[in-house]
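**Q** Here is a sequence together with a model predicted from it:
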Amino acid sequence: MGSKNEERQRAFAQPSEGAAVFGQADPELRVGTSLARLKRGLLESGNQLREAMEPAGTGLVTDAMAMLEQQVCRIAVIGQIKAGKSSFINALVQQPELLPTDVNPSTTAVTNLHFRACRDGEDPAAFEFFTASEWDTLAEGGGKLRELTERLVPGFETDLLRRHVMALRSRAAARLGPEFQRLLGQSHRFAKLSPDVLRQYVCQGHMAVMVADQPIGRFSDITKSADLVLPEGPFDYPVTVIDTPGTNDPFLVRDEITRRCLEAADITIVVLTARQALATSDVALLRILRGLQKERIIVFLNRIDELSDIGKDCEQVADSVRRKLRLEFPGTDIPLIEGSAWWANCALARDFPGERCLSGRAVNYLQNRGLLLREHVVRPAEGGDGHAGMRAALFAASGLKRVYLALNDLLRTSHDAYLLRQMSACFTEMGRATENAARHELDSLAPGFSTKEGAAEKTEEKLARLRGDLEQLRRVSDVIDRSAARFQDRQMGIVTSELNALRRRLLRRVDECAIAERDLLVNELQLKGRAVRSWKFDPQKIRRVLAEEFVDGFRAAEAQLLDLQH
């Protein structure tokens, strides 16, 4: 047992063989490359600005660079219990054995996986426990999120949640005994991360189950969050991947914990299981995301490997999910990606499980898609990784590459991208101000140096170089000014055009409604053959029609503005 644990511990410290193949050889499997390049350029520009600026202005540049260093994109992974969220995250970060997936049920606490994080001096694993007041906050709730939960989540009751919180707290007290009160509000930190440590804090387990002579889930009921600092993985830009407890959990408190992660997420990945895609709890989550105006969403249809006829069934399930997504998010193109986290983890595994991960229907599916050749199964290649063909086929069918591409698309319009653009504009303004100050200083120094012949020649050389630099800065400044002016003109053009079009459509809708009501009144008069004493108009219909028209117009304008920003 000890040798197996040592082997799994090593898996945390370095990428698997499959991860090295798929994560580094293909640049499309990297996340945030363009943002990371822009960030490096801004940091270099900031260093140059600090050298050129007066001491009084360097503090602003230093603060801006510190803000740049702290920027992190938060990606929340949500879905029902046992939808395969932890397996999906293991595949996404290219560490197949990172999060426990062999415990039933699994994740019970929010687990933050930090990649390329600026957390110098911190332990690689930290587990924070609830305080007594935070238990009460979980039960009482409040704000927009609680309002959406009460309105959109079937079966949610505040009193029931309160009882579940008390039950969970009682169970934790029974499990921990005298330690319970002392541990509340505390934290445990570890210099080394291991699977057995994770099982104590993020897996529910059972009171009597033991792994490596340690209980599973000993602290899980009081664990508020787990923070794991990890190597870079497939990320070029700082990213925090958030593993959440599943919805539809018998304890409503875990549903509540999951929902509280939604507000802080920049991108949300909803993991569905192919056998029960978009269940009631999934639809409720999507509606809450819409209520929170969170529309940077990726839907991953997991476990297609479990379908009877993978190709046919997967297509039918995906079509059904797309129809429901269009109803829930009209006008928003949400990527739907079919795949299998199990296949991805098999492809990435250090020790490839071979034919054990391929059922007969999976082989047929991969061969029909042209991903797997017969000789890859019958006669694996000799030397090196003899299962390279199978690995490549499984990874290609897993959907992970499409997930990476979708993440990069969403990152380009994320809050981080917006902040980097704002920082670029800020540094440009600082550079322009520094240029003006340098020109003024040169103009004041030039007459004094001209009195001495030798000094004048040297000064002229310096001035020539500086004028060249200033001219280059002026050209760059002119280009930026012209680009900004064109950008603003195009923005105003889009807004004006879409506003006029929306006004016309709204007026047309009002006219159509008036005509329809007139026709109803005329028909009523003709049928009864006498004057109608009163006529009542119900405004709800036209309000709904106008609201839908307005939302469609807003979406159209938003899409054009986002394209312009790209």
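**A** Received it, and whenever you're ready, just let me know what you need. Predicted model only: the values in this text are computed from it and were never measured.
**Q** Tell me if residue 225 really is in a helix.
**A** No - read with DSSP: H, G, I helix; E, B strand; the rest coil, residue 225 is strand and lies in no helix.
**Q** Does it touch residue 112 like I think?
**A** Yes - applying C-beta atoms under 8 Å as the test, residue 225 and residue 112 come out as touching, 6.3 Å apart. Every residue, glycine included, has its C-beta placed from N, CA and C.
**Q** can you pull the buried residues of the one helix or strand residue 201 maps to?
**A** Per DSSP states H and E: residue 201 is located in helix 195-202. For helix 195-202, burial by neighbour count (16 or more other C-beta atoms under 10 Å) applies to 195, 197, 198, 199, 200, 201, 202.
**Q** The first one against residue 101, yeah?
**A** The reference is to residue 195. No - between residue 195 and residue 101 no contact is recorded; they are 10.3 Å apart, counting by C-beta under 8 Å.
**Q** so what's residue 235 up against?
**A** When contacts are counted by C-beta atoms under 8 Å, 6 or more residues apart in numbering, residue 235 touches 30, 31, 32, 115, 116.
**Q** Actually, residue 490.
**A** Residues counted as contacts of residue 490 (C-beta under 8 Å, 6+ apart) are residue 564.
**Q** model confidence over the helix or strand that contains it, on average?
**A** In this structure, residue 490 sits in helix 453-528 according to DSSP H and E. Helix 453-528 comes out with an average pLDDT of 76.
**Q** what angle sits between the helix or strand just after it and helix 453-528?
**A** Next in sequence after helix 453-528, counting helices and strands by DSSP H and E, comes helix 540-565. Counting by axes from the mean of the first three to the mean of the last three C-alpha atoms, to 10 degrees, helix 540-565 lies at 160 degrees to helix 453-528.
**Q** which strands and helices sit next to helix 540-565?
**A** helix 453-528 (3 or more C-beta pairs under 8 Å, 6 or more residues apart in numbering; DSSP states H and E).
**Q** burial count for residue 559?
**A** 15 (other C-beta atoms under 10 Å).
**Q** what about the closest residue in space to it that isn't next to it in sequence, which SS state?
**A** Excluding the flanking residues, the one nearest residue 559 by C-beta to C-beta, 6 or more residues apart in numbering is residue 331, at 7.7 Å. At residue 331, secondary structure determined by three-state DSSP is coil.
**Q** Could I get the full set of helices for the stretch 301-450 of the chain?
**A** 310-328, 341-348, 360-368, 374-378, 388-398, 400-411, 415-449 (DSSP state H, counting those that start in this stretch).
**Q** and among those helices, the most buried is which?
**A** Of all those, helix 341-348 has the most neighbours on average by mean count of other C-beta atoms under 10 Å, namely a mean of 27.
**Q** Now do the helices in the stretch 1-150 of the chain.
**A** Counting by DSSP H, counting those that start in this stretch, residue ranges of the helices within the stretch 1-150 of the chain are 2-13, 17-24, 33-52, 55-70, 85-92, 132-140, 143-152.
**Q** Would you mind writing the CA trace of the third one as PDB?
**A** This file holds the C-alpha atoms of helix 33-52, laid out as PDB (Å, rounded to 0.1, in the frame of the first residue of the first chain):
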ATOM      1  CA  THR A  33      -1.700  32.100 -24.300                       C
ATOM      2  CA  SER A  34      -2.800  35.400 -25.900                       C
ATOM      3  CA  LEU A  35      -3.700  37.000 -22.600                       C
ATOM      4  CA  ALA A  36      -0.400  35.800 -21.100                       C
ATOM      5  CA  ARG A  37       1.500  37.400 -24.000                       C
ATOM      6  CA  LEU A  38      -0.300  40.700 -23.500                       C
ATOM      7  CA  LYS A  39       0.300  40.600 -19.800                       C
ATOM      8  CA  ARG A  40       4.000  40.000 -20.200                       C
ATOM      9  CA  GLY A  41       4.100  42.900 -22.700                       C
ATOM     10  CA  LEU A  42       2.400  45.200 -20.200                       C
ATOM     11  CA  LEU A  43       4.700  44.200 -17.400                       C
ATOM     12  CA  GLU A  44       7.800  44.900 -19.600                       C
ATOM     13  CA  SER A  45       6.200  48.300 -20.600                       C
ATOM     14  CA  GLY A  46       5.600  49.000 -16.900                       C
ATOM     15  CA  ASN A  47       9.300  48.400 -16.000                       C
ATOM     16  CA  GLN A  48      10.400  50.700 -18.800                       C
ATOM     17  CA  LEU A  49       7.900  53.400 -17.600                       C
ATOM     18  CA  ARG A  50       9.200  53.200 -14.100                       C
ATOM     19  CA  GLU A  51      12.700  53.900 -15.300                       C
ATOM     20  CA  ALA A  52      11.600  56.800 -17.500                       C
END
